[in-house]
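# I need the structure of the sequence given here:
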Amino acid sequence: MQSQDVAPRPAPPSPADPVVDVEQAEAALVEHYPRLVRLAYLVLPPGLGRGRRALTAHALAQRALPRGRTAAPAIPAQAQTGGGARAGDPGYAFVRLRVLRTALEASLPLTFRARPRRAQLPALLPRVWGLRLLPRSGGADELALEQRLSALSAPARAAYVLRGLERLADPDVLRVLEAAGVEYPEDALEEADEEPARYALLESPGFDACSLQARPTGLMRRRQHLKAALAATAAVLVCGALLGLPGDGWGRDGAAAPPYARNPSAEAALDPGKLLKVAPAAWQSSARTDFSVWPARGELTGDRALLRRALAVWARPGERVHVSVTPGTPSGGPPGPAQLLYAGDVGNARVVILYDGQRIARYAEPRDGTAGAAIDFARVDGAGEAEAGAVVLDRADGNVRYLTAPWVTKAAERDLMKPGAGAVELTVTDGVTSPLASPATRAGACTSWNVLELSGGAGGRLATDLGELVPARLTAGRPGSARDATGAGALRTWAPYACSLVDMRGQGVRTVNAWSYASQSLPDSGGTADWVCTRAETWRGGGQRVLAQFRTPGGAVGAVVAKAENVSACGAKAPPVVAGVLWKSAAGVWYLLAAGSEGVASVEASGGVTASEEGALLAVEAEQGVQARLKGVLRDGRVISGLG
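Numbers count the residues shown, from 1 in each chain. I've put the predicted structure just below:
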């Protein structure tokens, strides 16, 4: 896989920018150290826990000093209304930017796509043994704010903190975020807008990582760990002696961690000789059409040493192994002998793909050793022919290569944003496709979205790479009766909304459906607009992501106007949906537009706009920037809230 989904580092500062030397930066760091630590603490991912987050915030602040004189980007140090010595101080602006950038990097998930950055690893210092250091507990308001901030993305948290703690104006916030490497700062600011402006709470002692409480770690647990460490040391000495003797023990398992004990069941599951290898023609007579009937392919299916290393790393990955897990996927070893799907050389790596009935595991190591080995896991339980058509074999240089199902007769590459263009056929050799451009690792403007088109079996399929092992199936149509998005009409439906798939990367997505649920005549002779709902279903069942999108006549792409997670809207069980948007006509008049799906009898708006309309469409004049709440009344009397 390629690098993590984060913007590239910003360009070097201009020579015209103010120069900051290490003494100036150190003075700013010492003077404003508590504030910088508070900023890092608020931006770091809440999932780290309060204690580890506090220590990590200190570590990031202490690493902010430059090595010498360096140009500081021309970004504001503090809003000029207040701020005292911070206002206009380039030294403070510089160290704050470094703290913010590393805090954002620490929020990125660790994957095998790239070497981990220093900020993503646990801080070695500061460290206190035998004590837990925690910020003081805040009140109910602080707890509520922390919970709401935890729901934001890291860039949105940074935008919120820069506004509230640093009191920067929105244009300055955008400049700081861009300098910190945020790819879409406007989106981060828009996401931060959704949270109430409770900025005074950011100064609360509950977010002060410099005022800490000391508590002992678990005393009984420490005793147990000491006993376990002594027992483990003795076991290592014994096992080391045994491994030095001749015989067929565990052997060298490459990047795997050492085994803790010999267990007959575990050894059976990790014995390459017990791997299941399905016959090439088994799928033709099987009642099942899923991963269980895939044959073993690749030129290294007989390399027992490679297979043994792959199985050992699956069960107990070493500290230097890059592990990537699709959300909701267990990462433990196989419960029994697994099925081999592939083993071979791909590019500069040796790749092994295994299946245990519930998960796909992909192991990769360099051809010249095991340093830099990686293993990825993905849930595939319940996969049928539609979802078991392909697995990602390799990502490199912005391209992706797939291993396809044995029933696939043809594979092609198609640009989802160009429905009238034909598909470009891919070469398929022993189930392995030639490389095609992957949208999953691309940064920058979205001008194309290449997808995989598979033919064979029960029909054609369209799938897209969303940065995971199994590509997501694309469908179109009303929920409950959606079909694979291979027809001309389905391709036209998807074309303006393909770029919205970027919002669904890395979420464990199984299928994404696009449903054109309404058309609306725009006021002031503005033509007819389209409303589309895209819904991503995940392998774990929960975590569905729903986007309502709006496209004006002649618009090349749709705009996301509402989004929600874990809702039933646009799903097979409860399809009805209502969404709205503020729109400015050619005459310069602002309108609140809303549209509901079939079955919505009336639409009502309240809050900044009060209006109601019979039927599924609403258009009423409104003030620019007004906020309104929407609800729809269904024909059976049930009420649904507007999406978003």
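# what residues does the helix or strand encompassing residue 633 touch?
In this structure, residue 633 is located in strand 628-634 according to DSSP states H and E. For strand 628-634, contacts defined as C-beta atoms under 8 Å, 6 or more residues apart in numbering pick out 576, 578-580, 592, 594, 596, 599-609, 616, 618, 622, 639-642. (C-beta placed from N, C-alpha, C; glycine too.)
# out of those residues, which are buried?
576, 578-580, 592, 594, 596, 600, 602-605, 609, 616, 618, 622, 640, 642 (16 or more other C-beta atoms under 10 Å).
# could you list the domains of this protein?
19-215, 264-379, 390-575, 576-644 (automatic domain parsing).
# can you put the ones you listed in JSON lines and add mean pLDDT?
Putting the domains of the chain into JSON lines (pLDDT from 0 to 100) gives the following:
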{"stretch": "domain 19-215", "mean pLDDT": "77"}
{"stretch": "domain 264-379", "mean pLDDT": "91"}
{"stretch": "domain 390-575", "mean pLDDT": "93"}
{"stretch": "domain 576-644", "mean pLDDT": "95"}
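# so which residues of this structure form helices?
22-31, 33-43, 50-62, 90-106, 140-150, 154-164, 170-179, 185-193, 219-243, 264-269, 282-285, 304-315, 488-494 (DSSP state H).
# same list (these) but as CSV, adding mean neighbour count.
Compiled in CSV, the helices of the chain are given as follows (neighbours: other C-beta atoms under 10 Å):
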stretch, mean neighbour count
helix 22-31, 17
helix 33-43, 23
helix 50-62, 22
helix 90-106, 24
helix 140-150, 15
helix 154-164, 25
helix 170-179, 19
helix 185-193, 19
helix 219-243, 11
helix 264-269, 13
helix 282-285, 13
helix 304-315, 22
helix 488-494, 18
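# would you tell me which of those helices gets closest to residue 212?
helix 50-62 (6.2 Å; C-beta to C-beta).
# relative orientation of that closest one and helix 90-106 in degrees?
Calculated by axes from the mean of the first three to the mean of the last three C-alpha atoms, to 10 degrees, helix 50-62 forms an angle of 140 degrees with helix 90-106.
# what's the closest non-adjacent residue to the most centrally placed residue in the chain?
With distances taken as C-alpha atoms, centre = their mean, residue 506 lies nearest the centre of the chain, 3.7 Å away. Spatial nearest neighbour of residue 506, chain neighbours left out: residue 467 (4.9 Å); criterion: C-beta to C-beta, 6 or more residues apart in numbering.
# tally of neighbours for the one you found?
27 (other C-beta atoms under 10 Å).
# my read: it touches residue 505, true?
Yes: with contacts counted by C-beta atoms under 8 Å, residue 467 reaches residue 505, the gap being 4.6 Å.
# any figure for the gap between the nearest residue to residue 197 once chain neighbours are set aside and residue 196?
Excluding its sequence neighbours, the residue lying closest to residue 197 (C-beta to C-beta, 6+ apart) is residue 164, at 7.1 Å. Per C-beta to C-beta, to the nearest Å, residue 164 is found 11 Å from residue 196.
# burial of residue 427, as a residue count?
9.
# do the one 5 residues further on as well
By other C-beta under 10 Å, the residues close to residue 432 number 20.
# same thing with the one 10 residues further on?
Around residue 442 sit 17 other residues, with neighbours defined as other C-beta under 10 Å.
# what do you get for residue 572?
Around residue 572 there are 14 residues (other C-beta under 10 Å).
# enumerate every residue touching it.
Residue 572 sits in contact with 479-480, where contact means C-beta under 8 Å, 6+ apart.
# heads up, I number from 467, so please use that
Happy to do that; since the first residue is 467 now, the last one works out to residue 1038.
# quick one, phi psi at it?
phi -60, psi -30 (degrees, to the nearest 10).
# can I get the helices of the chain in JSON lines with distance to residue 863?
Below are the helices of the chain laid out as JSON lines (distance: least, C-beta to C-beta, whole Å):
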{"stretch": "helix 488-497", "distance to residue 863": "37"}
{"stretch": "helix 499-509", "distance to residue 863": "32"}
{"stretch": "helix 516-528", "distance to residue 863": "32"}
{"stretch": "helix 556-572", "distance to residue 863": "23"}
{"stretch": "helix 606-616", "distance to residue 863": "36"}
{"stretch": "helix 620-630", "distance to residue 863": "26"}
{"stretch": "helix 636-645", "distance to residue 863": "26"}
{"stretch": "helix 651-659", "distance to residue 863": "27"}
{"stretch": "helix 685-709", "distance to residue 863": "40"}
{"stretch": "helix 730-735", "distance to residue 863": "35"}
{"stretch": "helix 748-751", "distance to residue 863": "32"}
{"stretch": "helix 770-781", "distance to residue 863": "24"}
{"stretch": "helix 954-960", "distance to residue 863": "26"}
